[in-house]
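# Predicted coordinates and the sequence they were generated for:
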Amino acid sequence: MNAPFEIEGLEKKVADNHFNYTEEQLQEKKLALKTMLELYPGVEPYYAELVYDLCKNSTQEEIDIIKHKVETTPPKHKIPKI
């Protein structure tokens, strides 16, 4: 039987909400992540969540700056040839 496990004096950890999303926004995020993972099954959920938060909380100008930096800055570590 899988009854909730409770210890007196300890509270269950609440999911982190760094961007202070409302309940409605959290449901929208959950649906968007589900859709993203269905469209791109090889992507880890962690990275999908990073992309969602970046797009939702950044202006287009900030995203363009990040894209330009990624395209023009050489990688820190050498990529091996296979």
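Done, it's in.
# how about the helices of the chain, start to end?
Under the criterion DSSP state H, helices of the chain are mapped to 23-39, 45-57, 60-72.
# What distance do you get for Asp16 to Lys76?
28 Å (C-beta to C-beta, to the nearest Å). For glycine as for every other residue, the C-beta is placed from the backbone atoms N, C-alpha and C.
# Tyr40 reaches Tyr47, doesn't it?
No: counting by C-beta atoms under 8 Å, Tyr40 sits too far from Tyr47 to count as a contact (9.5 Å).
# got a list of what the most centrally placed residue in the chain touches?
The centre of the chain sits closest to Glu49, judged by C-alpha atoms, centre = their mean, with a distance of 1.6 Å. Neighbour list for Glu49: 29, 33 [criterion: C-beta atoms under 8 Å, 6 or more residues apart in numbering].
# ok, now how distant is it from His68?
Distance, Glu49 to His68, using C-beta to C-beta: 24 Å.
# cool, Pro80 as well?
Plainly put, Pro80 is 26 Å away from His68 if you go by C-beta to C-beta.
# quick one, which of the two is more surrounded?
Using other C-beta atoms under 10 Å, the more surrounded residue of Pro80 and His68 is His68, with 10 against 5.
# any idea of the pLDDT on the more buried one?
At His68, the model reports a pLDDT of 96.
# What distance do you get for it to Tyr52?
Distance, His68 to Tyr52, by C-beta to C-beta: 21 Å.
# can you check Ile65 too?
For Ile65, the distance to Tyr52 - C-beta to C-beta - is 19 Å.
# Which residue of those two possesses the greater neighbour count?
Taking Ile65 and Tyr52 together and counting by other C-beta under 10 Å, Tyr52 has the greater number of neighbours (16 against 12).
# from what I can see that one touches Leu31, true?
No: between Tyr52 and Leu31 there is no contact under C-beta under 8 Å: 10.6 Å.
# Now do the shared contacts for those two.
With contacts defined as C-beta under 8 Å, 6+ apart, no residue is adjacent to both Tyr52 and Leu31.
# list the contacts for Pro45?
33, 37.
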